[in-house]
Structures are given as structure tokens and as C-alpha cells.
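Engineer: Structure for the following, please:
(chains A, B and C)
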Amino acid sequence: MRLRQPAFFPLPAAMQTLEIQTRQRDEFVDITRELQQIINRSQVESGSVLVYVPHTTAGVTINENADPDVVHDLLLTLRRLIPKDANGYRHAEGNSDSHVKASLMGSSCQVIIENSRLVLGTWQGVYLCEFDGPRLRQVHVQITAIA
Amino acid sequence: MRLRQPAFFPLPAAMQTLEIQTRQRDEFVDITRELQQIINRSQVESGSVLVYVPHTTAGVTINENADPDVVHDLLLTLRRLIPKDANGYRHAEGNSDSHVKASLMGSSCQVIIENSRLVLGTWQGVYLCEFDGPRLRQVHVQITAIA
Amino acid sequence: MRLRQPAFFPLPAAMQTLEIQTRQRDEFVDITRELQQIINRSQVESGSVLVYVPHTTAGVTINENADPDVVHDLLLTLRRLIPKDANGYRHAEGNSDSHVKASLMGSSCQVIIENSRLVLGTWQGVYLCEFDGPRLRQVHVQITAIA
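Structural biologist: Numbering: from 1, shown residues only, chains lettered A, B, ... in the order given. From the prediction side, this is the model:
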């Protein structure tokens, strides 16, 4: 995982992009540490961060990052509810399920920043949700500072 | 589809409202071009746009706008998971499924603006999700400029 | 339900936290009035409010607050789709379903503020979604003012 942008951050408004290589067809990748690093470099103390996934078969969600079994059970449930093959699918690429899962998780999330830290709950982490990997994915990150 | 507000846009903060006539009980209407037009008129270069649906049987999502079969398969899957009639529904209007689908898609989405353009992925479009049409729907659009 | 912070609100940016005691395993608690009270105290006229739930078995959604049967049918449908016990769950706490439901509803929502009022649709209310109660829950509220 690496930043496409240099570490120098001229404007709090500047969008940064993370690039993430996923390894599985469906997988949650914890990007919490990378988000906090972008906030550190921005020197923004208060505000919020918008995390945006510019893909249609991947999404982003916030959920538990303590016990990896939670992510396992999330993926298991999404696979059970939305199987890869189902009667009536028309999209020829064989990834209709991936598109549905992406919309269910959503293409963005927001987290409050206070004292230059992400205000996450004790057990929360921010996950890129891969539903049609492995692929090289992008995550756009935009910080809004509040005076 | 038309803007209720005049083209003159006195403040970047001003909320604008799109009005959209849907044609089916459930349907996704691509509103990407209308959003870009509002951004053009606002002359905002960097920031974000909040797209908000003030209805409880409609939502908004971002997904593929290249192959219409993707939207077909999304609607098909939502119908399969959440049928119009199910044992135990109490709401007397016969649209409990529409309310559930609205919450699953969500009532708002956000997109980053850079260089006065929506920062969407190659295949992404923004969709109003109708789940209890046909109706005349509103979509509120608020731009936040970042210096 | 009570505010942890004093009523005095030094900066529009300051985050406030609601504390909410839930009563059931799964339940939607309408927090619309409390959000409007925070906006009133902030004296912000235009902008938006970010409502953020720092938990992994609770979420937030916007849906109908006129007929309580709608919330009943939402909870019923989520329970049917994601049962508490399912083959293959690994997470040992017995609340894998709660984590899935939290991600489906999402950990945050945003509402536009105009004329110091939440811009909600006629039938919309903002709900804390409890999926593993009863518990004492927090909801972070951050207002962004737009000039």
C-alpha cells in the first residue's frame, strides 16, 4: 500500500489517493493507519475526512478491527445473501453480485477529526471492501478542516 | 428533469433542488450530468457535493453507468431479497419493501470536486433510486467549497 | 437521552456527543429532536451536520418517523435476512448478525442545515439503529457551517 502523492501536503483541501493491491475476490482491507498518516501530514486539528472509493465493485465500511472473525462473518453473510450466480442476472461480466455488495456497503464514509486524530470507536476500523478482486484499487481521501 | 432554482448561484453554500419524475415502481435514474451542471454554475473548484434525497421510499447510490444491465441486476437482487409482500409486515401502505431498500441504499452520498469536476471513477454514475414510484421526487444538492 | 457537553458551544466545529440508553436487542431510536437542539445551540444557519455512531453493532439511518410500523417492518426484514445464528459464523460473541446490520445501515449520515433547521423530508427522521442492545450508546454530532 502506498501513496501516489508526495508526503508534502500543500493544502488541507488537496485530495490524496491510496493505492491498494487486493489479494482475494472478496476481502476487507483495513486502511485506518493509512488514513491517520494522511491526517498527520495535513496538520489539520479539527474537521472530517471523506474516504471515497472510485470503483463500482468495491466499497468502504466501518466495522470491528479487533477480531478478524467479524470480517469473515460479514463476507460470509454477503456471499450467502448475494450469490455470484443467480437466475436472471443479465450483466455479462459475471460480477453482478460484486456491484450489489458495493452499493450495500457504499462508496464513501466520513470520520470526524479532533486533536488531529480520527474519532473512531474503540473497536472501529475503516475497511476498503473488495468484491471483485484481486485488483489494484484506489481510495480517495479528502480532509475538510474546520476552524 | 429540471432545476427549481434559477441558474444564478449567489453562494456556494446555497442548496439546490433537482426535481425528477420517475416512471416505474423501482428504477435508478442517473443524475450525474445534472450534478455536474450545478457544480459548473457554482464555479467551485475544490470541495465536495452532498446529494440528499428527502424521501423515505427512495435513496441514492453510486454504481456503474456504462452497462445498464448492472442496474437491472441491482434492482432484481433487491426485489429478490426484499419482496413487496412478506409475512409479518404491519405498515398498511404496502410499501414496506420500499422503505427497507431506501435505508439499504442510503439517503445521501458525497462526491469530491477537483478542478470543478466530480471526481468519479471511470464507470461510476450517481443514481436516484426509486423504490415506490412513479412519483415526482426531489434531490437536494449542497456544495461545500474548500479554499 | 442527554448531552455530555455543556449547552455552551464555543465553536461551530466542536463535536458534541449524545448518550442514548437502548432498551431492546434491536431497536431504532429517533434522535431527530436532539439533533435539532444541537443545531439551535450552535447558532449555525447554513451548513450540514454529520451524525456518527462510534460502535460496530449499531448504525444510523434516515427513514419514516410517522408510522412506527415502518420501523417494525425494517427490523423484521433485517432479522429475516440476517439471522442471529447461521452456519459458518466464527465470531464467538454471538452477534455477527449485529455487525452485518450495522454495516448495511452505515455508521454515519449527513443532513443539510438551512435557516438553522435540518432539511429533512416531510416523513423523515434520523434513527440510531441498535442491533446488540440494550446498551448505553454514543452518537457524535459535528456541524460544519458554510458562510
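
Engineer: Quick check: residues of chain A near chain C?
Structural biologist: Proximity of chain A to chain C, by Cβ under 8 Å from any Cβ of the partner chain, involves residues A:46-48, A:61-64, A:67, A:69-70, A:72-74, A:76-78, A:80-81, A:104-106, A:109-112, A:114, A:119-124, A:144, A:146-147. Any C-beta I mention is one placed from the backbone N, CA and C, and that applies to glycine too.

Engineer: near chain B, which of those show up?
Structural biologist: Near chain B, by the rule Cβ under 8 Å from any Cβ, you find A:Leu81, A:Leu104, A:Gly106, A:Gln110, A:Thr144 out of those.

Engineer: which residues does the last one form a beta bridge with?
Structural biologist: When assigned by DSSP bridges, A:Thr144 has beta-bridge partners A:Ser48.

Engineer: Pick out the residue closest to the middle of chain A.
Structural biologist: Nearest to the mean C-alpha position of chain A, by Cα atoms, centre = their mean, lies A:Leu128 at 2.9 Å.

Engineer: Give the next helix or strand downstream of the helix or strand A:Ile112 falls within.
Structural biologist: Using DSSP states H and E, A:Ile112 sits within strand A:108-114. Using DSSP H and E, the next helix or strand after strand A:108-114 towards the C-terminus is strand A:117-118.

Engineer: Can you turn the buried part of the residues of chain A next to chain C into a PyMOL selection?
Structural biologist: Buried residues within the residues of chain A next to chain C, by 16 or more other Cβ atoms under 10 Å in any protein chain shown, are selected in PyMOL with:
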select buried, chain A and resi 46+47+48+61+62+63+64+67+69+70+72+73+74+76+77+78+81+104+105+106+109+110+111+112+114+119+120+121+123+124+144+146
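
Engineer: what does chain A put close to chain B?
Structural biologist: Proximity of chain A to chain B (Cβ under 8 Å from any Cβ) is limited to residues A:11-15, A:50, A:52-56, A:81-82, A:86, A:88-93, A:96-97, A:99-100, A:102-104, A:106-108, A:110, A:138, A:140, A:142, A:144.

Engineer: who's in contact with A:Gly106?
Structural biologist: Going by Cβ atoms under 8 Å, 6 or more residues apart in numbering or on different chains, A:Gly106 touches A:Gly59, A:Val60, A:Thr61, B:Thr61, B:Gly106, B:Cys109, C:Gly106.

Engineer: Do I have it right that the residue nearest to the centre of chain A meets A:Arg137?
Structural biologist: Yes - applying Cβ atoms under 8 Å as the test, A:Leu128 and A:Arg137 come out as touching, 6.2 Å apart.

Engineer: Quick check: A:Leu136 vs A:Asp97, distance?
Structural biologist: According to Cβ to Cβ, to the nearest Å, A:Leu136 and A:Asp97 sit 21 Å apart.

Engineer: Next one, pLDDT for the nearest residue to A:Val119 once chain neighbours are set aside please.
Structural biologist: Spatial nearest neighbour of A:Val119, chain neighbours left out: A:Ile112 (4.2 Å); criterion: Cβ to Cβ, 6 or more residues apart in numbering or on different chains. A:Ile112 is assigned 97 on the pLDDT scale.

Engineer: now A:Leu11
Structural biologist: The model reports A:Leu11 with a pLDDT of 43.

Engineer: now A:Ala14
Structural biologist: A:Ala14 is assigned a predicted lDDT (pLDDT) of 74.

Engineer: Can you name the element that comes right after the helix ranked longest in chain A?
Structural biologist: As assigned by DSSP state H, the longest helix anywhere in chain A is helix A:68-81. Once the chain leaves helix A:68-81, the next helix or strand it forms, by DSSP H and E, is helix A:96-105.

Engineer: which helices and strands sit right next to that next one?
Structural biologist: If you count contacts as 3 or more Cβ pairs under 8 Å, 6 or more residues apart in numbering or on different chains; DSSP states H and E, helix A:96-105 packs onto strand A:58-64, helix A:68-81, strand A:124-130, strand B:58-64, helix B:68-81.

Engineer: so that helix versus helix B:68-81, what angle?
Structural biologist: Helix A:96-105 runs at 70 degrees relative to helix B:68-81, counting by axes from the mean of the first three to the mean of the last three Cα atoms, to 10 degrees.

Engineer: contact partners of helix A:96-105?
Structural biologist: By Cβ under 8 Å, 6+ apart, helix A:96-105 touches A:26, A:53, A:55-61, A:78-79, A:82-84, A:86, A:89-91, A:129, A:131-132, B:61-64, B:69-70, B:73-74, B:77-78, B:104-105, C:103-104.

Engineer: Dump that helix to PDB, keeping only the CA atoms.
Structural biologist: Backbone C-alpha positions of helix A:96-105 (Å, rounded to 0.1, in the frame of the first residue of the first chain) are rendered in PDB as follows:
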ATOM      1  CA  SER A  96     -23.300  -8.600 -10.700                       C
ATOM      2  CA  ASP A  97     -23.000  -9.700  -7.100                       C
ATOM      3  CA  SER A  98     -20.000  -7.500  -6.700                       C
ATOM      4  CA  HIS A  99     -21.900  -4.400  -7.900                       C
ATOM      5  CA  VAL A 100     -24.800  -5.100  -5.400                       C
ATOM      6  CA  LYS A 101     -22.400  -5.600  -2.500                       C
ATOM      7  CA  ALA A 102     -20.600  -2.400  -3.400                       C
ATOM      8  CA  SER A 103     -23.900  -0.400  -3.200                       C
ATOM      9  CA  LEU A 104     -24.900  -2.100   0.100                       C
ATOM     10  CA  MET A 105     -21.600  -1.100   1.800                       C
END
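
Engineer: I'd like to know how far A:Glu19 sits from chain C.
Structural biologist: Separation of A:Glu19 from chain C (Cβ to the nearest Cβ, to the nearest Å): 24 Å.
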